[in-house]
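Asks: Next input, structure requested:
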Amino acid sequence: MTVNDLERDIKVEAPPSRILPDPIGGTRDGATLFGLGLGLALLVFAMLLGGSLAAYVDFPAFMMVVGGTLAVTTISFGFDDLKRLPSALATATIRRVPAAHHAASRLVALAEASRRQGFLALEDLLPKLKDDWFLIKALALVIDNTPPDEIERQLRAELSAMLARHRVGGDMLRRAGEVAPAMGLIGTLVGLVQMLSNLNNPTTIGPAMAVAILATLYGAVLANMVLLPLAAKLDRNNHAEALVHNLTILAANAIARQESPRRLEVMLNGILPPAERISYFD
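Replies: Have a look, this model is predicted:
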């Protein structure tokens, strides 16, 4: 739902500056896939310049690094957490990033609707806010005449629980990023043992040396080009979502206290980064 839709429903004459796209949908952040693809492409290109790509393929080394990383990560967390890993990866790569300034404009529009027509006017708007479950809960508390202090207490508890759930995904990726180089080192040691124990057989030295070297390469690439950057992006997206929810908590309290929407705009701008501050009433 757009701010324009809200203004039409609450019958408020609005200048064009208030007509903004959907705040929660935001924009898809293609930087993750672009950076990952570019890094891997440059790595493959460097390999091709130095010889055949097949020289860098070794299944035993790959199995030890990837399988070992997965096994140790599972030990550190558990199957229930591991089941949520695909969702965490999707969040870090293709998720829409919440647009804080658009969300702030929508919150001010809702505050203006409440100021003009009362709390019950918000009830008619709830079905159109289904893209933001946190905002729906906040407005439901306002409509039920919940005291402002209780509204903040409940919403803060909900936000804390949500961040704790989301933090598990980043923790899993960071743990896997710590384990991958260690598994590469283990693969290297295995390869060296195989090589040293068969020095009398020259045909085994090459494959054993390949395991030793490629395991380290696989571990370093997996950790530093995939897992740790994805963990950082997941944290960044969680912080962006937390900012939007903090704006919602502030707005819900202001609406419950029937404060001026203009004052709410000033308070929201105090939280927003300078580049994302809004001018709803200008």
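Asks: If you count residues, where's the longest helix of this protein?
Replies: Across the chain, the helix with the greatest residue count (assigned by DSSP state H) is helix 148-196.
Asks: from the middle of its chain, how far away would the helix or strand that comes right after that one be?
Replies: Once helix 148-196 ends, the next helix or strand along the chain (criterion: DSSP states H and E) is helix 202-221. Helix 202-221 has its C-alpha centroid displaced from the chain centroid by 35 Å (Cα atoms, centre = their mean, to the nearest Å).
Asks: Which positions in the helix or strand that comes right after helix 202-221 come out as buried?
Replies: Where DSSP H and E defines the elements, the next helix or strand beyond helix 202-221 is helix 228-256. Neighbour-count burial for helix 228-256, counted by 16 or more other Cβ atoms under 10 Å, picks out 228-235, 237-238, 240-256. Quick note: C-beta positions are derived from backbone N, CA and C, even for glycine.
Asks: swap in stretch 32-46?
Replies: Buried, per 16+ other Cβ under 10 Å, within stretch 32-46: Thr32, Leu36.
Asks: now do stretch 145-162
Replies: Residues Thr146, Pro148, Ile151, Glu152, Gln154, Leu155, Glu158, Leu159, Met162 are the ones in stretch 145-162 that count as buried (16+ other Cβ under 10 Å).
Asks: Could you identify the most distant pair in the residues you listed?
Replies: The distance between the two most remote of the buried residues of stretch 145-162 (Cβ to Cβ) is 20.9 Å, for Pro148 and Met162.
Asks: Pretty sure Ser114 sits against Ala256.
Replies: No - the pair Ser114 / Ala256 is not scored as a contact, 9.0 Å apart, by Cβ atoms under 8 Å.
Asks: what residues are shared contacts of those two?
Replies: Common neighbours of Ser114 and Ala256, using Cβ atoms under 8 Å, 6 or more residues apart in numbering, are Val142.
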